[in-house]
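Engineer: below is the structure, and that's it, no one-letter string:
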C-alpha cells in the first residue's frame, strides 16, 4: 500500500503540469524598420538667385505661391522659367516671366504705371513757370 501511495503521489506530482505543452513556435525575426526617407539635398551653391523689388511694398507670388512682400532678395529658385506676380488689388496684378540658369542672379522690378495726376503734372493742369 505504501508503494501504491508513493506511486500515486509521484504520478500526481508529475501530472500537475496539466496537459502536455504545445510545441514551441520558431522565433519570429524582428521586423525590419522602414528606412527613413532621405533628407533633401542641400541647396547647391550654383542655385539661381532672384531679387524682386517694387516702388512700394507689394505682395509677391512665385509660380502662383506667395513668397513675401518686396523687397525680396537672394531667393533661391530652381533653374528654369518662373512667373513672378506683383499683387495689386487697385490696378490689377502684373505678372512677369523670368528664366534663370544655374548660377544666375536676376532682379525683377515692377513699378506701377503713373496715376493720371502724376502723368498730367498735377490736378489743375497748370504748367510751372506760366504767368497768369
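Structural biologist: Noted; the coordinates are in hand. Not measured: the values here are computed from a predicted model.
Engineer: can you pull the buried residues of stretch 54-62?
Structural biologist: Buried residues in stretch 54-62, counting neighbours by 16 or more other Cβ atoms under 10 Å, are found at 54, 58, 59, 60, 61, 62. Just so you know, the C-beta spots here come from the backbone N, C-alpha and C atoms, and that holds for glycine as well.
Engineer: which among those residues gets closest to residue 24?
Structural biologist: Checking the buried residues of stretch 54-62 against residue 24 by Cβ to Cβ gives residue 62 as the nearest, at 63.0 Å.
Engineer: low pLDDT regions in the chain?
Structural biologist: In the predicted model of the chain, residues 1-23, 25-44, 112-132 satisfy pLDDT under 70.
Engineer: tell me where it has helices.
Structural biologist: 2-14, 116-120 (DSSP state H).
Engineer: you'd agree residue 84 is up against residue 59?
Structural biologist: No: if you go by Cβ atoms under 8 Å, residue 84 and residue 59 don't touch, sitting 11.6 Å apart.
Engineer: picking up where we left off before, distance to residue 96 added to the buried residues of stretch 54-62, as CSV?
Structural biologist: Below are the buried residues of stretch 54-62 laid out as CSV (distance: Cβ to Cβ, whole Å):
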residue, distance to residue 96
54, 11
58, 12
59, 15
60, 11
61, 11
62, 11
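Engineer: residue 46: which of those residues is nearest?
Structural biologist: residue 62 (19.1 Å).
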